[in-house]
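>>> Structure, please.
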Amino acid sequence: MAVLTQQQQDSFWRDGYLMVDAAVTEDQLHRMREVFGQWVEESRSHSSDYGDTLDGRHRFDLEPGHTAAQPALRRVQSPEEVSGVYADVMRNARTVDMVTDLIGSSIRFHHGKVNSKLPGAATKVKFHQDFTFQPMTNDDMITALLFVDDVTLDNGPLEVVPGSHTGPLHSLWHNGVFTGAVKDEVVRQCQASIISCTGAAGSVCLMHASLLHGSAANVSDKPRTLYISTYYAEDAIELSPNALPSTLTHELVRGEVSGRVRCKAYTMALPEVPKDTSFFAQQAEAG
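Numbers count the residues shown, from 1 in each chain. Next up is the predicted model:
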């Protein structure tokens with residue numbers, strides 16, 4: 001039985017994103033907050049990125065300016081590997097069934113992360129499309145951005161360009177440098193269309209992988225934490241190295257293995273896998 005109504009599904013395919021309230025249980029939300037709070041406390045004893053992931057990069061990404069007194073843990077790579085709470089949400093939350101309503105009954109897990117903007121965090125995310133970071137043979141790929149905190153206009157909400165998933169794939173390479181962001185000109189052209197996605201903790205924004213999006217800095221005294229998990233149709237295959245590989249990458253979370261591959265025609269430049277902890281450094285280095 002479908003979790004999303006036909007109207008919601010139509011809205012997603014028209015706009016490239018969909019906001020849904022109460023996407024997880026109160027218990028799931030409470031436990032995610034509790035675990036992330038423990039990670040923040042742990043980060044106070046570190047002055048630089050730390051922890052290890054499958055490809056040798058750090059798991060815990062600290063924003064420049066992080067201190068014990070004012071921690072700025074901005075990302076946890078592959079939290080599902082080190083937390084049963086996040087692994088359970090990745091596999092069993094209502095968000096997973098919402099994704100199957102949109103791209104079919106058989107889906108795999110691509111990658112997960114926690115992105116957080118603690119009070120005073122300066123990190124902005126420049127506009128980009130996820131698909132140009134992670135090309136597949138087809139673009140039936142959805143990211144579920146789960147609000148662990150209330151998201152307001154002041155604490156760095158996700159910003160999206162409705163309908164941009166049906167347009168061109170914009171290059172993230174400029175003058176031979178992989179910037180992790182589209183050209184400023186592209187953002188200026190769609191400035192009037194940008195929408196901020198706000199909502200209560202426990203809400204989710206389901207986002208097509210080709211949707212243009214970014215986010216502003218947190219200028220409030222409230223945290224803005226998202227658990228972000230990406231899923232893709234079982235009959236898609238990666239065309240470049242996964243930028244966030246984990247032991248759970250490609251896990252079949254719903255449905256059955258088809259033994260088939262489905263392809264869509266498109267052209268794009270291959271991405272550059274981050275050498276630092278996360279793509280935040282790629283965007284920062286590009287200026």
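
>>> Kindly export the helix or strand harbouring Lys113 (C-alpha atoms) in PDB.
Assigned by DSSP states H and E, Lys113 belongs to strand 107-117. The C-alpha trace of strand 107-117 is given here as PDB (Å, rounded to 0.1, in the frame of the first residue of the first chain):
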ATOM      1  CA  ILE A 107      15.800   0.100  -4.200                       C
ATOM      2  CA  ARG A 108      19.400   0.200  -2.900                       C
ATOM      3  CA  PHE A 109      21.100   2.400  -0.400                       C
ATOM      4  CA  HIS A 110      23.800   4.700  -1.900                       C
ATOM      5  CA  HIS A 111      25.200   6.700   1.000                       C
ATOM      6  CA  GLY A 112      24.300   8.500   4.200                       C
ATOM      7  CA  LYS A 113      25.600  11.400   6.200                       C
ATOM      8  CA  VAL A 114      24.600  13.800   9.000                       C
ATOM      9  CA  ASN A 115      25.000  17.500   8.100                       C
ATOM     10  CA  SER A 116      24.700  19.900  11.000                       C
ATOM     11  CA  LYS A 117      24.800  23.600  11.400                       C
END
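
>>> Please name every helix or strand in contact with it.
Helices and strands touching strand 107-117, by 3 or more Cβ pairs under 8 Å, 6 or more residues apart in numbering; DSSP states H and E, are helix 26-43, strand 73-77, helix 84-92, helix 94-103, strand 224-233, strand 252-254. C-betas here are computed from N, CA, C, even on glycine.

>>> one more time with 10 Å, if that's ok
Applying 3 or more Cβ pairs under 10 Å, 6 or more residues apart in numbering; DSSP states H and E, one finds that strand 107-117 makes contact with helix 26-43, strand 60-62, strand 73-77, helix 84-92, helix 94-103, strand 141-147, strand 224-233, strand 252-254.

>>> Mean pLDDT, distance to Thr198 and mean neighbour count added to these, as CSV?
Listed next are those as CSV, based on pLDDT from 0 to 100; distance: least, Cβ to Cβ, whole Å; neighbours: other Cβ atoms under 10 Å:
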stretch, mean pLDDT, distance to Thr198, mean neighbour count
helix 26-43, 98, 17, 16
strand 60-62, 95, 24, 24
strand 73-77, 95, 20, 25
helix 84-92, 98, 21, 19
helix 94-103, 98, 18, 21
strand 141-147, 98, 9, 25
strand 224-233, 98, 10, 25
strand 252-254, 98, 28, 16
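
>>> which one of these lies closest to Leu4?
For Leu4, the closest of the helices and strands packed on strand 107-117 is helix 94-103, at 4.4 Å, according to Cβ to Cβ.

>>> now the angle between helix 84-92 and the closest one, please.
30 degrees (axes from the mean of the first three to the mean of the last three Cα atoms, to 10 degrees).

>>> got the CA coordinates for helix 94-103 in CSV?
This file holds the C-alpha atoms of helix 94-103, laid out as CSV (Å, rounded to 0.1, in the frame of the first residue of the first chain):
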residue,chain,number,x,y,z
ARG,A,94,8.7,5.6,6.5
THR,A,95,11.0,7.6,4.3
VAL,A,96,12.2,4.3,2.7
ASP,A,97,8.6,3.4,1.7
MET,A,98,8.1,6.9,0.3
VAL,A,99,11.0,6.4,-2.0
THR,A,100,9.6,3.1,-3.3
ASP,A,101,6.4,4.9,-4.0
LEU,A,102,8.4,7.2,-6.3
ILE,A,103,11.0,5.1,-8.0
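
>>> and the closest residue to Phe131 other than its chain neighbours, what is it in contact with?
Setting aside the residues directly before and after it, Phe131 is nearest to Ala209 in space (Cβ to Cβ, 6 or more residues apart in numbering), at 4.1 Å. Counting by Cβ atoms under 10 Å, 6 or more residues apart in numbering, Ala209 touches 16, 110, 129-136, 139-143, 165, 230-232.

>>> thinking again about what came up before, let me know which of the helices and strands packed on strand 107-117 is the nearest to Val20.
Comparison of the helices and strands packed on strand 107-117 against Val20 by Cβ to Cβ identifies helix 94-103 as nearest, at 6.5 Å.

>>> now for the closest one, which elements pack on it?
Partner elements for helix 94-103 (3+ Cβ pairs under 10 Å, 6+ apart): helix 6-15, strand 17-20, helix 84-92, strand 107-117, strand 141-147, strand 204-208, strand 224-233, strand 252-254.
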